[in-house]
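Colleague: how does the following fold in three dimensions:
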Amino acid sequence: MLAASCSVPPSHQSVVGASVPEPAQSYIVEGQSTDAAADAVKEAGGRVTSRLGVIDAVEADLTDAQHALVLKAGGIKQITTNSIVMTNAAASVMDKFETGSFSNNDGTHRWWGDWVETNDDNTPWQGNVTIGWPERGGNRMIIGYNGSVYRKAATPSSSATVTLKFKYLRSGWESGDYLSVQASGNGGATWTELGRITGAGTDASFVTKTYSITAYKGRNTAIRFVGGMNESFPNDYIDLDDVEIDYNTNFGDGDPVPVDVNQAALHSQGIRGAGVGVAVIDTGYWKMNSLDVDSKGTGRVAPQYDAITNTVVSSWNPVSTDTTGHGTHVTSLIASSRVRSSDGKFFGVAPDATIISIKAFAEDGSSTYATVIRAIDWVVTNRYAYGIRVLNLSLGAPAHSRYWDDPLDKAVMKAWQAGIVVVASAGNSGPLPQTIGVPGNVPYVITVGAMTDNFTPSKSDDLLASFSSSGPTFEGFVKPDLVAPGGHQWGFMATYMKIAVDHPTFINSGDFFQMSGTSQAAAAVSGVAALVIGQNPALTPDQVKCRILQSGKPAVDSAGKLAYSVLQQGTGLVDAKAAVAGTVNNCANVGLNINADVAGTTHYMGSVRQKADGTFQVAGSTDKGMTWDQSYLWGQSFLWPQSFLWPQSFLWNQSTTYNGDIPWVNGYPSAINNTAGTASSMSINSWVAPE
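Modeller: Next up, the predicted model:
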């Protein structure tokens, strides 16, 4: 786990007259250049822990005295606390040994990893443990001599009983031959023998064996078979088949439902996001076929980067790095190539997109501002090498400074300036106003709120999700930009991943998990962005945003008026087909100059102002839909029609040079040109109940 570091020197014997070393804290130091920031830290006696070139900064450990010296140094723009980033987000596993592989998954849920041999060659075709022996039917595991093999699984702690079952057939056994059956509750750190299969002889047919392993249930259940035979195969051996762990749990079932943003017609035309790189900064990646390959079976997972360790962990050969689940769930909504058996619909919005997975959060969900910025830096640096055109940021934190002061927001702006479409979640802190988080408060990016189908197939009773954060931002910008499905979305997640373990009710048969949040809504829009770019690769980020905003279909009431404020739903529900077919280019980020903003010469404010009665309203508008007040709380069902057309430009999408804040609901931000306040916590997944 990486957290806001506090550098503590080694303990020493107490010495009379000796001073106690001053503790250091982790900061992000921004300068005229990265070198300038590093030099100032070193001259003050601090320690540079990493370089954050994307924002001309370094991560550094500084004492209070060193902090004061660096702040006064020439060429230093700002020092920010390196804030902690935190996350809040009857089955079986079975192997029938139908193929010669250590990785078979034949149950309703998957094993946690493959079979692992001990002191053997780790191949299924030879050695003391073999799988799928052709001469013996190819559907069993054979253990001879002192062969040993184990495998892990995740079993629910709430299950009343967990049972290990398998079939065995002895061949050529002599007195003293045995197979030890063992279990572990800590993933194999320690083992307990459940029993032994013994006795001389050869079995004429398979015998079924059952053991209770309830005492070892939990996330880290493991089983092991250890051979103790006098002679090597083919003299003394035992065949095992249909090895299965059964348990009961309250997981969902039924036909999984793909996310729907009106993309099916595009998929049937072959518009699937091929060649478009989508980077996902999250908790990591789960290696599975429908993520590893696109709809044509071609590998499409680019090198995976770990921003925590600052290492590339794979190169076009995907590996599992996600033990939390959030990153896998989000990635599957963006790009899964699996199709639903009932109608052939893809589960991913852009099933042929290239996946670039960046791990920035540890298993417990913790990270730091610097780690996330380092991840963005890597994305910007490698955007050409891997064709990165879209960056998904399904994360957020309460804003404590203006967007141009926050270092994470500044990194996001640099990504947008570099030609990357950034899609950010609005946050799960709604429905009250001014709850848009970092980095969704950046005016340039596409900020996505969530709606829900209200658990029915009908479009007439869809709702704005109650948890979806609302605008305006503290600088008066209308956010979210639009909404997307974010209620009980079906995405991939392994049963052993932390979110699934913490919320087992939402595990489903197979690899699916139901999860709600603006994280899921942002993922859907990232997929839409990949479809738009795939058909229109010359578009700039502003133009992509324009076409996606123009596709929005707002919720309206029976009179055809906006049913929710634009500060809740933006332009409305995203429509992939309309976005891809769009022709408008100049309706987003009107009046903004990203180069001047990044350079710090000009900053901007939006068109929303607060009235004397406390409501927020788009300046110059008298339409109720342009106002926020308490009447716009959730709870009613409205139609999101295909027929509603927005004008060519949105009257709220006009920006002006910054000349002052609008009132902040929870107090004013930190002073400009000083040590900026940042989010005290960040969430990949603030768990919200599905709705």
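Colleague: and the residue located most distally from the centre of the chain, how far from Asn128?
Modeller: Going by C-alpha atoms, centre = their mean, the residue of the chain most distant from its centre is Ser175, 54.8 Å out. Ser175 is 20 Å from Asn128, where distance means C-beta to C-beta, to the nearest Å. All C-beta spots, glycine's among them, are computed from the backbone N, C-alpha and C.
Colleague: state the pLDDT value of the residue farthest from the centre of the chain.
Modeller: pLDDT for Ser175: 91.
Colleague: I figured it hits Ala200, correct?
Modeller: Yes. Using C-beta atoms under 8 Å, Ser175 makes contact with Ala200 at a distance of 4.9 Å.
Colleague: and Asp114, which helix or strand is it part of?
Modeller: If you go by DSSP states H and E, Asp114 is part of strand 112-117.
Colleague: in a helix, Thr80, correct?
Modeller: No. Using DSSP: H, G, I helix; E, B strand; the rest coil, the assignment for Thr80 is strand, not a helix.
Colleague: isn't it up against Tyr27?
Modeller: Yes. Contact status for Thr80 versus Tyr27: in contact at 6.4 Å, counting by C-beta under 8 Å.
Colleague: before we move on, the earlier item: which residues touch the helix or strand following the strand holding Asp114?
Modeller: As assigned by DSSP H and E, the chain's next helix or strand after strand 112-117 is strand 129-131. Residues outside strand 129-131 that contact it (C-beta atoms under 8 Å, 6 or more residues apart in numbering) are 97, 100-102, 115, 117, 120, 124-125, 140-144, 147-149, 233.
Colleague: partner strands of strand 129-131, with direction?
Modeller: Paired strands of strand 129-131, with direction, are strand 141-144 (antiparallel) (DSSP bridges).
Colleague: could you give me the average pLDDT of the partner strand?
Modeller: For strand 141-144, mean pLDDT is 91.
Colleague: ok, the strand holding Asp114: who's next to it in the sheet?
Modeller: strand 148-155 (antiparallel).
Colleague: in the next helix-or-strand element following the partner strand, what's buried?
Modeller: Next along the chain after strand 148-155, taking DSSP H and E as the criterion, comes strand 162-171. In terms of neighbour count (16 or more other C-beta atoms under 10 Å), strand 162-171 has its buried residues at Val162, Thr163, Leu164, Phe166, Lys167, Tyr168, Leu169, Arg170, Ser171.
Colleague: over to stretch 359-379?
Modeller: For stretch 359-379, the neighbour count (16+ other C-beta under 10 Å) marks 359-362, 365-379 as buried.
Colleague: give me the subset of those residues lying in helices.
Modeller: Among the buried residues of stretch 359-379, the ones falling in helices (DSSP state H) are Tyr369, Ala370, Thr371, Val372, Ile373, Arg374, Ala375, Ile376, Asp377, Trp378, Val379.
Colleague: turn those into a markdown table, including distance to Ala302 and pLDDT.
Modeller: Formatted as a markdown table, those follow (distance: C-beta to C-beta, whole Å; pLDDT from 0 to 100):
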| residue | distance to Ala302 | pLDDT |
| --- | --- | --- |
| Tyr369 | 25 | 85 |
| Ala370 | 23 | 89 |
| Thr371 | 20 | 90 |
| Val372 | 19 | 92 |
| Ile373 | 21 | 94 |
| Arg374 | 18 | 95 |
| Ala375 | 14 | 96 |
| Ile376 | 16 | 97 |
| Asp377 | 17 | 98 |
| Trp378 | 12 | 98 |
| Val379 | 11 | 98 |
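Colleague: and Thr118, how many neighbours does it have?
Modeller: Residue crowding around Thr118 was assessed by other C-beta atoms under 10 Å; the count is 15.
Colleague: what's the answer for the one 4 residues further on, then?
Modeller: The local packing of Asn122 (other C-beta under 10 Å) involves 14 other residues.
Colleague: what of Asn586?
Modeller: By other C-beta under 10 Å, the residues close to Asn586 number 11.
Colleague: likewise for Ser621?
Modeller: Using other C-beta under 10 Å, Ser621 has 15 neighbouring residues.
Colleague: SS state for it?
Modeller: coil.
Colleague: circling back to that earlier point, just the buried residues out of the contacts of strand 129-131, in PyMOL syntax.
Modeller: Burial among those is assessed by 16+ other C-beta under 10 Å; the matching PyMOL selection reads:
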select buried, resi 97+100+102+115+117+120+124+140+141+142+143+144+147+148+149+233
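Colleague: if we can go back for a sec, what's the most distant pair in the buried residues of strand 162-171?
Modeller: Distances among these were taken as C-beta to C-beta; the most separated pair is Val162 and Ser171, at 29.9 Å.
Colleague: for the stretch 351-500 of the chain, just list every one of the helices.
Modeller: 369-381, 407-417, 498-502 (DSSP state H, counting those that start in this stretch).
Colleague: what angle separates the longest one from helix 407-417?
Modeller: Counting by axes from the mean of the first three to the mean of the last three C-alpha atoms, to 10 degrees, helix 369-381 points 10 degrees away from the direction of helix 407-417.
Colleague: and helix 369-381, what does it pack against?
Modeller: Counting contacts by 3 or more C-beta pairs under 8 Å, 6 or more residues apart in numbering; DSSP states H and E, helix 369-381 is packed against strand 24-31, strand 47-52, strand 57-62, strand 84-85, strand 277-282, strand 354-359, strand 388-393, helix 407-417.
Colleague: which secondary structure elements does the last one sit against?
Modeller: The one in question is helix 407-417. The contact analysis (3+ C-beta pairs under 8 Å, 6+ apart) places helix 407-417 against strand 24-31, helix 369-381, strand 421-425, helix 594-599.
Colleague: buried set for the last one?
Modeller: Buried residues in helix 594-599, counted by 16+ other C-beta under 10 Å: Ile594, Asp597, Val598.
Colleague: what is the rounded mean pLDDT of it?
Modeller: On average, helix 594-599 scores 96.
Colleague: now for that helix, which elements pack on it?
Modeller: Helices and strands touching helix 594-599, by 3+ C-beta pairs under 8 Å, 6+ apart, are helix 407-417.
Colleague: equivalent analysis for the third one, please.
Modeller: In terms of contacts (3+ C-beta pairs under 8 Å, 6+ apart), strand 421-425 is packed against strand 388-393, helix 407-417, strand 446-452, helix 518-535, helix 541-550.
Colleague: just put these in TSV and tack on distance to Pro431.
Modeller: Converted to TSV, the helices and strands packed on strand 421-425 look like this (distance: least, C-beta to C-beta, whole Å):
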stretch	distance to Pro431
strand 388-393	22
helix 407-417	23
strand 446-452	10
helix 518-535	12
helix 541-550	21
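Colleague: can you pull the contacts of Thr221?
Modeller: Thr221 neighbours (C-beta under 8 Å, 6+ apart): Lys152, Ala153, Ala154, Thr155, Val162, Ala183, Ser184, Gly185, Ile213, Ile245.
Colleague: ok, it to Ala91 distance?
Modeller: Shown here: Thr221 relative to Ala91, a distance of 13 Å by C-beta to C-beta.
Colleague: again with Ile376
Modeller: In terms of C-beta to C-beta, Ile376 sits 38 Å off from Ala91.
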